[in-house]
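> Sequence first, predicted coordinates after that:
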Amino acid sequence: MILPGDTLWARFRVARVETERVDCAWLRALAASDVDGGAATHVLLSLQPPAASALAELLAALWPGPNPPAAWLKEMGADAASVSPSELHARLPLLGDVEWRGAPEPGGVALLELKSGTPLRQFHHVKARALDSRGACGLLADFAAQIERLLQSTAHRGGRARFCAAMLKLLNPHSVAFSADGSKLIFIPQIELRSPTLEPPDWAFYAAPEAVTGGACGEAALAFGLAQLALALLFDPAAPDAKTSLLLPRGWLRLAVADIALKEFKHDPRAAALPAELRALLAKCLKPRAAGRFATLAKFSAALRKSMGAAGETVLGAPLPALSPAASGISAFPLAPLAPATPDGMTVIAAGAYLSGEKKSPRTLRAYAIDVLPVTEKNFRDFLKETGREPVPDGPGSRVPKYDRHPVVNVTWREAEEYAAHYGKRLPTIYEWEKAARGKDGRKFPYGNEYVAQTGRLRASAPNSAPGKEGPKETAPVGTFPQGASPYGVLDMAGNVLEWTSTARRQGERIFRAAKGACFLDGSVELSRCASMQFKKPDARESHLGFRCVKDVD
């Protein structure tokens, strides 16, 4: 049994162990510097079904066994002189350094070095640079070629079917990421933990229909997954003009419709703006029957390169810049190996201390994830539909469709709490909200210590100024002010609507709940300070009061 604190192979200290549904451990190299705070450098994966993750299943399919062919060793950069029946070290495309120990059957372990990257699901939040169709095709063509290289390495022992079944679970925006320099796509470890409810796994929403129904999966299923990655690169699912949500899970009902991905693509107005050849290629890949797609990755890659006007060449254009806070204006979402995969639309706030309150007193919090944006009118209306309710007149979710991207308002504290619980989340405490807004350094506003105009929806236009007569009379769409982002990339914390928290205060026999943030009615920029708060009656319905959610991650 491996426990946190154990020393493994005289090279690593065990930092954390996962045991829910999968078996893995996050390791820290003993020689690593303490400057990084003890962050994990490797992950140890069990290859024994059914406790293996999708990544472990792939590594098991790639393991050549105790007597690997010389061609495999050369292709994967392994040292033939150091190969033993129970240990093998290689450098795999898209994955990096890996060690196998034990025996391929019935099980063993794989040690994988962690690589930093920006998951595709967070790419459009970072917005370092928008990808055009040519750049997306180039990245995917090279990515598909590396997958094909891995696939060919399994041919000598009939492992193609096993490889495809494992790979299709990784072809999604949670597991695929931009490399640290932004020049290519790689895989990053995302360990699937047990869901708190009976929900489909994340990978199922991007996988071919035959993968969901348990059918045989080949290279045609991988072409389907690569097409889904193309949509993740080209389309921002949270954009105001997004008429459909291609990348957002909708439960088992969505998976029951075999051609849902193709229908959504054909009806999305953004698809019409793509080059005709690329549009036809993606439609072919998204067909519900495998016989209608590209039969091999080689044919898929060739079609991609043809759509770029440079058949047979790798055309990437200028590489994407490194995704860093300086380049993007907001946090660059580095890989957090000690935490589970970040839920969609949220960002993880790492455990540790920050400066809290007016006096900037040190306070330590556990790790948690928080919504990047406030809950919108459409979000709440969808919640009402899922729970079989109708909107309360002039209540949350009752505004006309033009407000779909605006924060939900006129919501009571209890309604906000019910919404959060329905999605396995909760309301933040005042301290969680504050840390997500100001970071660790005790800054006055989410974006710094000096007020900057146009960083949030406020009536005031300058410090100590009187409210303008022509000031805003209503909310703004969420995410309108990216320049007001917090150090963690969380938006709309310096003006738009006040937000409910779970923190309570008793006054006599009455209970009040704290609200954080600033709203479009505020005429003083001081109210947009990270430390400010107000207390409201839990049953209050106000046109400037909304909420966002948090979720525990450890």
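Looks like it arrived, so ask away. Residues are numbered from 1 along each chain as shown.
> Confirm that residue 384 sits in a helix.
Yes. According to DSSP: H, G, I helix; E, B strand; the rest coil, residue 384 belongs to a helix.
> Please verify my assumption that residue 410 contacts residue 397.
No. Residue 410 is beyond contact range of residue 397, at 9.2 Å (criterion: C-beta atoms under 8 Å). No exception for glycine: its C-beta is placed from N, CA and C like everyone else's.
> These two: which is more packed in?
residue 397 (26 against 22; other C-beta atoms under 10 Å).
> Next, the more buried one: secondary structure please.
coil.
> ranges for the strands of the stretch 1-150 of the chain?
For the stretch 1-150 of the chain, the strands defined by DSSP state E, counting those that start in this stretch occupy 7-8, 12-18, 24-29, 42-46, 87-92, 96-102, 108-113, 117-119.
> domain parsing for the protein?
The chain is divided into the following domains under automatic domain parsing: 1-113, 118-339, 345-552.
> how close does residue 48 get to residue 22?
Residue 48 is 10 Å from residue 22, where distance means C-beta to C-beta, to the nearest Å.
> likewise residue 257?
Per C-beta to C-beta, residue 257 is found 29 Å from residue 22.
> and the domains of the chain, which one's lowest on average pLDDT?
Among the domains of the chain, domain 118-339 has the lowest mean pLDDT, at a mean of 74.
> returning to what we had before: looking at residue 257 and residue 22, which has the bigger crowd around it?
Legend: neighbour count by other C-beta under 10 Å for residue 257 and residue 22, higher for residue 22 (19 against 14).
> State the phi and psi torsions of residue 365.
For residue 365, the backbone dihedrals (degrees, to the nearest 10) come out as phi -120, psi 150.
> Show me the strands in the stretch 401-550 of the chain, by range?
Going by DSSP E, counting those that start in this stretch, the stretch 401-550 of the chain shows strands at 498-507, 510-516, 533-536, 545-546, 550-552.
> how about the helices in the stretch 401-550 of the chain?
For the stretch 401-550 of the chain, the helices defined by DSSP state H, counting those that start in this stretch cover 413-422, 430-438.
> Please identify the most buried of these.
Of all those, helix 430-438 has the most neighbours on average by mean count of other C-beta atoms under 10 Å, namely a mean of 24.
> Report the inter-axis angle for that helix versus strand 498-507.
Orientation note: helix 430-438 sits at an angle of 150 degrees relative to strand 498-507 (axes from the mean of the first three to the mean of the last three C-alpha atoms, to 10 degrees).
> Going forward, the N-terminal residue is numbered 701.
Sounds good: first residue 701 from here, last item helix 1130-1138.
> now the angle from helix 1130-1138 to strand 1210-1216?
10 degrees.
> Ignoring the adjacent residues along the chain, who's closest to residue 1099?
residue 1077 (5.1 Å; C-beta to C-beta, 6 or more residues apart in numbering).
> Now for the one you found: which residues touch it?
For residue 1077, the contact set (C-beta atoms under 8 Å, 6 or more residues apart in numbering) comprises 1096, 1097, 1099, 1103, 1104, 1105, 1106, 1107, 1108.
> just residue 919 next, same as before
851, 864, 994, 995, 996, 997, 1000.
> rerun that using 10 Å as the cut-off
Neighbour list for residue 919: 844, 847-848, 851, 860, 863-864, 867, 990, 993-1000 [criterion: C-beta atoms under 10 Å, 6 or more residues apart in numbering].
> Ends of stretch 853-867, what's the gap?
Stretch 853-867 has an end-to-end distance of 14 Å (C-alpha to C-alpha, to the nearest Å).
> any residues touching that stretch, and which ones?
Under the criterion C-beta under 10 Å, 6+ apart, residues 752-765, 768-769, 771-772, 775-776, 790, 792-793, 804, 847, 850-852, 887, 911, 916-922, 925, 997 lie in contact with stretch 853-867.
> Could you pick out the buried ones from these?
Buried residues within the contacts of stretch 853-867, counting neighbours by 16 or more other C-beta atoms under 10 Å: 752-765, 768, 772, 775-776, 790, 792-793, 804, 847, 850-851, 887, 911, 917-922, 925, 997.
> returning to that earlier point: which single one of the contacts of residue 1077 is nearest to residue 1071?
Ranked by distance to residue 1071 (C-beta to C-beta), the contacts of residue 1077 are led by residue 1107 at 10.7 Å.
> ok, now which ones touch the closest one?
Residue 1107 touches 1073-1077, 1079-1080, 1157, 1175-1178, 1192, 1196-1199, 1219-1220, 1244-1248, counting by C-beta under 10 Å, 6+ apart.
> Buried by neighbour count, from those residues: which ones?
Among the contacts of residue 1107, the ones that count as buried by 16+ other C-beta under 10 Å are 1073-1077, 1079-1080, 1157, 1175-1178, 1192, 1196-1199, 1219-1220, 1244-1248.
> Output stretch 870-883 as PDB - backbone C-alpha positions only.
Provided in PDB are the C-alpha atoms of stretch 870-883 (Å, rounded to 0.1, in the frame of the first residue of the first chain):
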ATOM      1  CA  LEU A 870      -8.500  11.200 -24.100                       C
ATOM      2  CA  LEU A 871      -9.600  13.100 -27.200                       C
ATOM      3  CA  ASN A 872     -11.400  15.800 -25.400                       C
ATOM      4  CA  PRO A 873     -10.700  19.400 -24.200                       C
ATOM      5  CA  HIS A 874     -10.000  18.200 -20.700                       C
ATOM      6  CA  SER A 875      -7.100  16.000 -21.500                       C
ATOM      7  CA  VAL A 876      -5.700  17.700 -24.600                       C
ATOM      8  CA  ALA A 877      -3.700  20.900 -24.000                       C
ATOM      9  CA  PHE A 878      -1.400  23.500 -25.600                       C
ATOM     10  CA  SER A 879       2.200  22.900 -24.700                       C
ATOM     11  CA  ALA A 880       3.900  25.400 -22.400                       C
ATOM     12  CA  ASP A 881       5.200  27.400 -25.400                       C
ATOM     13  CA  GLY A 882       1.900  27.200 -27.200                       C
ATOM     14  CA  SER A 883       3.400  25.600 -30.300                       C
END
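> can you give me the offset of that stretch from its chain's centre?
Mean C-alpha position of stretch 870-883 versus that of the full chain (C-alpha atoms, centre = their mean, to the nearest Å) differs by 10 Å.
> what about the closest residue to residue 1051 other than its chain neighbours, distance to residue 1048?
Excluding its sequence neighbours, the residue lying closest to residue 1051 (C-beta to C-beta, 6+ apart) is residue 1067, at 4.1 Å. Computed as C-beta to C-beta, the residue 1067 to residue 1048 distance reads 6 Å.
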